[in-house]
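# Provided below are the primary sequence and the corresponding predicted coordinates.
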Amino acid sequence: MDASAPRRDERKSALAKRLPLLLLAGLGLYLWQVTGTPERDLAFQLSGPGWASVRAVDLQISDQEGQLLKREERFFPSGPPPELNYKVDLPEGTWDAALFVKREGSDARVRLETLLVAGEDRYIVQQLQLPAAVR
């Protein structure tokens, strides 16, 4: 029975030696998650007529100085779905969003602009309509 007592002490001391390292790693992981830029779900709801002829949408999100934060282009052989969803890393604040819409049979792109306001909520939803002159 005396031989098992030192083994328990060895296990306890090994755990005690590793505990500060494990706590520090846990704290680092927590801080990394809390202080990082949150990923937001951005949804553009396409309302009104004219969207069936759209074949491409180029999304560009920039800050107030014009620095581009995200750009993504999507193509649609038979028109876009009623809602376009994007995952974007955006801190809290106001951001400029420009969508360049390419329609079937036209090389010109229609520019749609909107402001994105990112607060504490993870979701940002915007409604978009094509201008009457383009429909």
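Received, thanks. Being a predicted model, the structure only gives us computed values, none of them experimental. Numbers count the residues shown, from 1 in each chain.
# which residues sit against stretch 88-97?
37-40, 42, 59-64, 66, 69-70, 113-120, 124, 126 (CB atoms under 8 Å, 6 or more residues apart in numbering). (Glycine included, C-beta is placed from N, CA and C.)
# now do 6 Å
Under the criterion CB atoms under 6 Å, 6 or more residues apart in numbering, residues 37, 39-40, 42, 61-62, 70, 114-118 lie in contact with stretch 88-97.
# just give me how far it sits from the chain centre.
9 Å (CA atoms, centre = their mean, to the nearest Å).
# buried set for it?
Judged by neighbour count using 16 or more other CB atoms under 10 Å, the buried positions of stretch 88-97 are 88, 90, 95-97.
# repeat that for stretch 53-69.
For stretch 53-69, the buried set under the neighbour-count rule, 16+ other CB under 10 Å, comprises 53-55, 57-61, 69.
# okay, the residues you listed in JSON lines with pLDDT next?
Written out in JSON lines, the entries for the buried residues of stretch 53-69 read as follows (pLDDT from 0 to 100):
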{"residue": "53", "pLDDT": "93"}
{"residue": "54", "pLDDT": "95"}
{"residue": "55", "pLDDT": "96"}
{"residue": "57", "pLDDT": "97"}
{"residue": "58", "pLDDT": "97"}
{"residue": "59", "pLDDT": "97"}
{"residue": "60", "pLDDT": "97"}
{"residue": "61", "pLDDT": "96"}
{"residue": "69", "pLDDT": "92"}
